[in-house]
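**Q** Below is the structure, and that's it, no one-letter string:
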């Protein structure tokens, strides 16, 4: 299934009669306010902001199960789509600065609830700007009524979506904590939107599934983090250094060519021949499972593997979920 859209095809889409929406997913793991600040400074015309940390990430559990960026409750994600007027037939375009992590996260997270027409803009805002296309600072907010059943405790699962709450009016403490959402529920001039989720998807696997595939000769487990993190030489974020047993190192940045993008190319990725060579040892396996630290950077490898026509499964909880289980083994060095 195609998950990338070129800048040329994106421009064609915006001139067509097709129903579409654009989401700005810019994100920085070390600065929770980066996405919001970037959106305010300028974004693609008509784009809505999606916060990876809050709109796409569930609260971290006390024991760490689920990892540092667990997928949002599907019902909450369903509501997020509904308040933007999205239906199952809506084409969703997502973008970031061009590093493809934030955009990739939303693409595959939406795949996890069954949305098929979602595409990451290859090259992101960088390639958009290189074409001298218009930028705006308008805050685009949804204006759709919720379509929910009476048994769903919306405020419990999605506390930031409160009538009258607006991220840009939130207090200073909220902003410093990154506790904000651009979305504002408004009833004036609004219409209902219904979205049906489908979570019956074997592309996404949990810890127990990964554990059952360790050292399986027909399976490759791909570690998308930097090679020195994989080997356990450094660990700047998680409490234990190393990798999931039997995993192979495929650093996500090795699939990208950001220098070429900044020099004017229309893609964030390396040439397809280079990518095919890079992933050649994965082709003869029945199954490829990809993970990273917390379910963000693996999405770059997912997009690249898709370009090469290699099927894969995603372990969303990733290494931070794996190490939350004390009984799980951890390896260091190369395997």
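**A** Cool, got the structure. Since the structure is predicted, the reported quantities are computational estimates derived from the model, not experimental observations.

**Q** Backbone dihedrals for the residue positioned nearest the centre of the chain, please?
**A** Taking CA atoms, centre = their mean, the centroid of the chain lies closest to residue 105, which sits 0.9 Å from it. Main-chain dihedrals, residue 105, degrees, to the nearest 10: phi -60, psi -50.

**Q** so who does the nearest residue to it once chain neighbours are set aside touch?
**A** Closest residue in space to residue 105, ignoring its immediate chain neighbours: residue 299 at 5.1 Å, by CB to CB, 6 or more residues apart in numbering. Where C-beta positions appear, they are placed from N, C-alpha and C, glycine not excepted. When contacts are counted by CB atoms under 8 Å, 6 or more residues apart in numbering, residue 299 is found next to 100-101, 103-105, 107-108, 314.

**Q** Can I take it that residue 23 is in a helix?
**A** No. Secondary structure of residue 23, determined by DSSP: H, G, I helix; E, B strand; the rest coil: strand, with no helix assignment.

**Q** contacting residues around it?
**A** Counted by CB under 8 Å, 6+ apart, residue 23 has contacts 47-50, 92-95, 106.

**Q** you'd agree the residue nearest to the centre of the chain is up against residue 52?
**A** Yes. If you go by CB atoms under 8 Å, residue 105 and residue 52 touch, sitting 5.9 Å apart.

**Q** list the residues that contact both of the two?
**A** With CB under 8 Å, 6+ apart as the test, residue 105 and residue 52 both reach 25, 27, 69, 296.

**Q** Mind checking which of those are in helices?
**A** Among those, no member is found in helices (DSSP state H).

**Q** For residue 302, what is the enclosing helix or strand?
**A** Secondary structure assignment for residue 302, by DSSP states H and E: helix 298-307.

**Q** ok, residue 334 - contacts?
**A** Residue 334 is in contact with 231, 249, counting by CB under 8 Å, 6+ apart.

**Q** any idea what it is structurally, helix, strand or coil?
**A** Taking three-state DSSP, the label given to residue 334 is coil.

**Q** Can you show me the helices along this structure?
**A** Remark: helices assigned in the chain by DSSP H are 7-14, 34-41, 74-83, 101-111, 124-130, 154-157, 172-177, 207-212, 227-230, 258-262, 272-278, 298-307, 318-322.

**Q** roughly how far out does the longest one sit from the chain middle?
**A** In other words, helix 101-111. Put simply, helix 101-111 sits 3 Å off its chain's centre (CA atoms, centre = their mean, to the nearest Å).

**Q** Show me what that helix packs onto, helices and strands only.
**A** strand 91-95, strand 118-121, helix 298-307 (3 or more CB pairs under 8 Å, 6 or more residues apart in numbering; DSSP states H and E).

**Q** Give the partner strands of the shortest one in its sheet and their orientations.
**A** Think strand 118-121. Here strand 118-121 has these sheet partners by DSSP bridges: strand 4-5 (parallel), strand 91-95 (parallel).

**Q** Can you tell me what sits against that strand?
**A** With CB under 8 Å, 6+ apart, strand 118-121 has contacts from 2-5, 7, 10, 91-95, 100, 103-104, 106-107, 110-111, 127-128, 303.

**Q** switch the cut-off to 7 Å
**A** Residues outside strand 118-121 that contact it (CB atoms under 7 Å, 6 or more residues apart in numbering): 3-5, 7, 10, 92-95, 100, 103-104, 107, 110, 128, 303.

**Q** Neighbour-wise, which one of these leads?
**A** residue 103 (35 neighbours; other CB atoms under 10 Å).

**Q** if I look at that one, how far off is residue 240?
**A** Computed as CB to CB, to the nearest Å, the residue 103 to residue 240 distance reads 29 Å.

**Q** Repeat that for residue 306.
**A** Residue 306 is 31 Å from residue 240, by CB to CB.

**Q** and these two? which has more neighbours close in?
**A** residue 306 (18 against 14).

**Q** can you pull the contacts of the residue nearest to the more buried one when sequence neighbours are not counted?
**A** Leaving aside its chain neighbours, residue 306 sits nearest to residue 3 (5.6 Å; criterion: CB to CB, 6+ apart). For residue 3, the contacting residues are 107, 119-120, 303, 306, by CB under 7 Å, 6+ apart.

**Q** For the closest residue to residue 246 other than its chain neighbours, grab the count of nearby residues.
**A** In space, and not counting its chain neighbours, residue 246 is closest to residue 215: 4.5 Å by CB to CB, 6+ apart. A count of nearby residues for residue 215, using other CB under 10 Å, gives 9.

**Q** Over to residue 59?
**A** A total of 11 residues lie near residue 59 under the criterion other CB under 10 Å.
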